[in-house]
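> have a look; sequence and predicted model below, questions after that.
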Amino acid sequence: MTDICIHGLGYIGLPTATIFAHSGYDVVGFDTNPEVVSTLRRREVHFDEPGLQQIATEAIDSERLKVKSEPVSADIHIICVPTPFDDTKKQADLGNVAAAGRTIGNLLKEDDLVILESTVPPTTTEEVLQPQLEKSGLVAGRDFGLAHCPETVLPGNMIAELRENDRVIGGIDRRSTERTVELYDSFVEGEIRTTENPTTAEFAKLAQNTFRDTNIALANELAMLADEYDIDSRKAIQLSNHHPRVNIHHPGPGVGGHCLPVDPWFLGQESNNLNLVSTAREINDSMSNYTIELLGEELGTLSNSRIAVLGVAYKGNVDDTRNSPGLKLARELQARKSLGVNEVTATDGGIDDIDVRIHDPCVSDQTLDLVPLDEAVRGAEALVLTTDHTEYAQLSPTRMSKLMDGNLILDTMAHLNKNEWSDAGFNYRQI
Ligand SMILES: NC(=O)C1=CN([C@@H]2O[C@H](COP(=O)(O)OP(=O)(O)OC[C@H]3O[C@@H](n4cnc5c(N)ncnc54)[C@H](O)[C@@H]3O)[C@@H](O)[C@H]2O)C=CC1
Ligand SMILES: CC(=O)N[C@@H]1[C@@H](OP(=O)(O)OP(=O)(O)OC[C@H]2O[C@@H](n3ccc(=O)[nH]c3=O)[C@H](O)[C@@H]2O)O[C@H](C(=O)O)[C@@H](O)[C@@H]1O
């Protein structure tokens, strides 16, 4: 008999299935994508996450975790499916949650427990998932349990954070909440806090990411203001943060990933009260444009320039390019070229012909036209560092200088050693 069926074996579902298997449960991991299933059956993890390959392989080898392309009947179902964002409607696409609900509804037995882990707009558990489950004829709260337990792990540090992070659990009744707490208590070392309904748990999760996105927008606005005074924004922010109640985040080339740029919209998708939050989104989205302005300012013109964009993963040491600031920057520069207009510098009125070359040591996506580092840098007038991969911190300014035609380095993440690059003759600029 299967204890737990996990629906969706991506960044969240696979580590979760693995950790439950290691906690002694019999787990089936089900994914609708046959490639994910066949890759995992070959004991290969289909994305980069430190430490996961080993523990996932151990779980599969021990047969505590079975990977399947069909869902199975189980006492507990955990939903970890994607909840993408429809950018035109500014609404969550909850099709995968509804589909998982229908699938589980067909398998549901009395006394089962269903837990939604995916990040969703408030009320989704009760208004989208519950009706699908109840098509089974069983009633939530009476015949089966239902709860929301949002995931909060940080990509790059998931294995530790799965255990260590606090959890919020909101069931549709007390018994659903208690059963869910008991389940997560098997491996969570952080505090498990409960709320009286799933909506509060959904809201609390979104509030966390909205806080971070809004805070970064403040940092980005401070960076643009500091530039007007010709001072180092990061130094100023660092000094501010010594106050015991101030914690301003870091400015950068924009906010990437599929969580921070998306979740703030989920929070108020039916509301007219999304003011600060939507302004913060606009500021963070505008950082690629600001980066292009800085480039134009430093180079005098972008016409006929060659620019190397270093980093299209949305953050350091991951292979995920969803909503990547580096990719957005590269595509915006390339779009100017294809438009054949010069919107960047008012001074020369020439035609942009920007040669943009992109490199990333962690990303292997063939569709992105990535090139090796030397090829990206050779003949470039400017390097723009958009991702803080550890590997980039080791770049030799002397070697880069020999390959380049110009001497501009725009370090949007303040990842490099300013003195070292300046001493090597670079015009070093940060955001
Ligand atoms: N990746 C992250 O860092 C975090 C993600 N989340 C949330 O967790 C949820 C899942 O995200 P990820 O794991 O990153 O997505 P993902 O895209 O990496 O993985 C989701 C998997 O679900 C499968 N799938 C889609 N529909 C399915 C269905 N009906 N039944 C079974 N499998 C199905 C897909 O084929 C895919 O393999 C999202 O709501 C996300 O916002 C929450 C915290 C952190
Ligand atoms: C509140 C919080 O810390 N949320 C986390 C976040 O994970 P994610 O990898 O998206 O977050 P991140 O490391 O802040 O990176 C997002 C983006 O923000 C940028 N970033 C981050 C911090 C900063 O000071 N400045 C900045 O510009 C990063 O470069 C990146 O482009 O979202 C995850 C999620 O919900 O999926 C969540 O589980 C994680 O714990």
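In hand now; what should we look at? Ligands and ions are numbered 1, 2, ... in the order given.
> please enumerate the helices of the stretch 201-350 of the chain.
Assigned by DSSP state H, counting those that start in this stretch, the helices in the stretch 201-350 of the chain fall at 233-240, 263-267, 276-285, 287-299, 325-339.
> ligand 1: which of those is closest?
Closest to ligand 1 of those, according to CB to the nearest ligand atom: helix 263-267, at 7.3 Å. (C-beta placed from N, C-alpha, C; glycine too.)
> ok, and what's touching the closest one?
Residues outside helix 263-267 that contact it (CB atoms under 8 Å, 6 or more residues apart in numbering) are 83, 85, 90-92, 119-122, 203, 205-207, 209-210, 213-214, 274, 277-278, 280-281.
> one more: stretch 395-413?
So stretch 395-413 is contacted by 250, 252-253, 287, 291, 294-295, 298-299, 306, 316, 325, 374, 377-388, 416, 418, 420-421, 423-431 (CB under 8 Å, 6+ apart).
> out of those residues, which end up buried?
Those of the contacts of stretch 395-413 that meet the buried threshold are 250, 252-253, 287, 291, 294-295, 298-299, 306, 316, 325, 377-378, 380-388, 416, 421, 424, 426, 428-431, by 16 or more other CB atoms under 10 Å.
> circling back to that earlier point, from the contacts of helix 263-267, which would you call buried?
Here, 16+ other CB under 10 Å leaves 83, 85, 92, 119-122, 203, 205-206, 209-210, 213-214, 274, 277, 280-281 buried among the contacts of helix 263-267.
> of those, which belong to strands?
Counted as lying in strands by DSSP state E, out of the buried ones among the contacts of helix 263-267, are 85, 92.
> all strands for the stretch 1-150 of the chain, in order.
Remark: strands assigned in the stretch 1-150 of the chain by DSSP state E, counting those that start in this stretch are 4-7, 27-30, 65-68, 76-79, 85-86, 91-92, 113-116, 145-148.
> out of these, which comes closest to ligand 1?
Per CB to the nearest ligand atom, nearest to ligand 1 of the strands of the stretch 1-150 of the chain: strand 4-7, 4.2 Å.
> tell me the gap between that closest one and the middle of its chain.
Offset of strand 4-7 from its chain centre (CA atoms, centre = their mean, to the nearest Å): 23 Å.
> kindly report the same for stretch 40-53.
The chain centre lies 18 Å from the centre of stretch 40-53; the measure is CA atoms, centre = their mean.
> straight-line length of that stretch, end to end?
End-to-end span of stretch 40-53 (CA to CA, to the nearest Å): 10 Å.
> hmm, who's touching that stretch?
With CB under 8 Å, 6+ apart as the test, stretch 40-53 has contacts from 9-11, 14-15, 18, 29, 31, 35-36, 39, 56-57, 60-61, 67, 155-159, 318-320, 362.
> which of these come close to ligand 1?
The residues of the contacts of stretch 40-53 that also fall near ligand 1, by CB under 6 Å from any ligand atom, are 9-11, 31, 36, 155.
> this structure - how does it break down into domains?
4-196, 206-285, 287-430 (automatic domain parsing).
> tell me the average confidence for the longest one?
Just to be clear, that refers to domain 4-196. For domain 4-196, the mean per-residue pLDDT is 97.
> before we move on, what about the second one?
Within the predicted structure, the mean pLDDT of domain 206-285 is 97.
> mind starting the numbering at 16 from now?
From this message on, residue numbering opens at 16, which makes the last subject domain 221-300.
> that one close to ligand 2?
Yes. Using CB under 6 Å from any ligand atom, domain 221-300 reaches ligand 2 at 223-224, 227, 231, 264-265, 267, 270-272, 274-275.
> ok, so of the residues you listed, who is nearest ligand 1?
Closest approach to ligand 1 among those (CB to the nearest ligand atom): residue 274, at 5.6 Å.
> which residues of the stretch 266-415 of the chain lie near ligand 1?
Checking the stretch 266-415 of the chain against ligand 1 by CB under 6 Å from any ligand atom, the hits are residue 274.
> spell out which parts of the stretch 266-415 of the chain neighbour ligand 2.
267, 270-272, 274-275, 329-330, 340.
> and the residues you listed, which two are furthest apart?
Among those, the pair separated by the greatest distance (CB to CB) is 267 and 274, at 15.6 Å.
> got any ranges where the stretch 266-415 of the chain has weak pLDDT?
Residue ranges of the stretch 266-415 of the chain with pLDDT under 70: 352-367.
> repeat the analysis, applying 50 as the threshold.
Within the stretch 266-415 of the chain, the segments meeting pLDDT under 50 span 356-365.
> what's the burial count for residue 315?
Neighbours of residue 315 under the rule other CB atoms under 10 Å: 12.
> swap in residue 210?
Neighbour count for residue 210, taken as other CB under 10 Å: 18.
> now do the same contact list for it.
By CB under 8 Å, 6+ apart, the contact list for residue 210 reads 183-185, 216, 219.
> make it 10 Å
162-163, 183-186, 192, 216-219 (CB atoms under 10 Å, 6 or more residues apart in numbering).
> and what of residue 49?
Neighbour list for residue 49: residue 84 [criterion: CB under 10 Å, 6+ apart].
> distance check, it against ligand 2.
Distance, residue 49 to ligand 2, by CB to the nearest ligand atom, to the nearest Å: 25 Å.
> and that residue, how far from residue 86?
The gap separating residue 49 from residue 86 is 14 Å, by CB to CB, to the nearest Å.
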